[in-house]
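Trainee: sequence isn't available, so here's the structure alone:
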């Protein structure tokens with residue numbers, strides 16, 4: 001009976017893990033205002049499948065609720081976009097100047 005329970009738990013864990021692995025979140029896009037072909041492509045894509053984009057609060061919130069179950073951004077989101085990349089860009093451009 002213990003072996004059957006152990007096998008059942010292992011099977012359940014495997015199924016849950018594989019289901020989450022297939023439903024990966026989309027990545028981040030640096031494009032804030034989409035134009036041309038990229039805009040048409042985004043409009044045809046369901047909102048939960050579109051990439052996260054800076055300042056697109058509604059779409060990003062919908063995607064976070066769908067994939068994570070919470071509308072709040074994770075710390076990794078703040079590193080990916082937001083203040084940290086802007087600060088890094090300013091430091092690199094000021095270092096390039098003589």
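Mentor: Ah, there it is. Predicted model only: the values in this text are computed from it and were never measured.
Trainee: what number of residues lie near residue 58?
Mentor: For residue 58, the neighbour count with other Cβ atoms under 10 Å is 8. In short, each C-beta sits where N, CA and C put it, glycine included.
Trainee: make that residue 64, sorry
Mentor: Residue 64: 19 surrounding residues under other Cβ under 10 Å.
Trainee: residues in contact with the helix or strand hosting it?
Mentor: Here residue 64 sits within helix 57-67, counting by DSSP states H and E. With Cβ atoms under 8 Å, 6 or more residues apart in numbering as the contact definition, helix 57-67 has outside contacts at 23, 25, 26, 47, 48, 50, 52, 53, 70, 71, 72, 73.
Trainee: contacts only, for the fourth one.
Mentor: The neighbours of residue 47, taking Cβ under 8 Å, 6+ apart as the test, are 59, 62, 63.
Trainee: same thing but 7 Å
Mentor: 59, 62 (Cβ atoms under 7 Å, 6 or more residues apart in numbering).
Trainee: distance-wise, check it relative to residue 56.
Mentor: 10 Å (Cβ to Cβ, to the nearest Å).
Trainee: repeat that for the last one.
Mentor: The span separating residue 73 from residue 56 equals 12 Å under the rule Cβ to Cβ.
Trainee: return the helix or strand in this protein with minimum mean pLDDT.
Mentor: helix 83-96 (a mean of 53; mean pLDDT, DSSP states H and E).
Trainee: just to revisit the earlier point, what mean pLDDT does the helix holding residue 64 get?
Mentor: For helix 57-67, the mean pLDDT works out to 90.
Trainee: show me where this structure has its strands.
Mentor: Using DSSP state E, the chain contains no strands.
Trainee: run through it and note the low-pLDDT ranges.
Mentor: Scanning the chain with the threshold set as pLDDT under 70 gives 6, 8-23, 80-98.
Trainee: where along the protein do the helices fall?
Mentor: 2-22, 36-44, 57-67, 75-80, 83-96 (DSSP state H).
Trainee: mind listing what's buried along the shortest one?
Mentor: Buried positions in helix 75-80, judged by neighbour count with 16 or more other Cβ atoms under 10 Å: none.
Trainee: please apply the same query to stretch 41-52.
Mentor: Neighbour counts over stretch 41-52 (16+ other Cβ under 10 Å) mark 42, 50, 51, 52 as buried.
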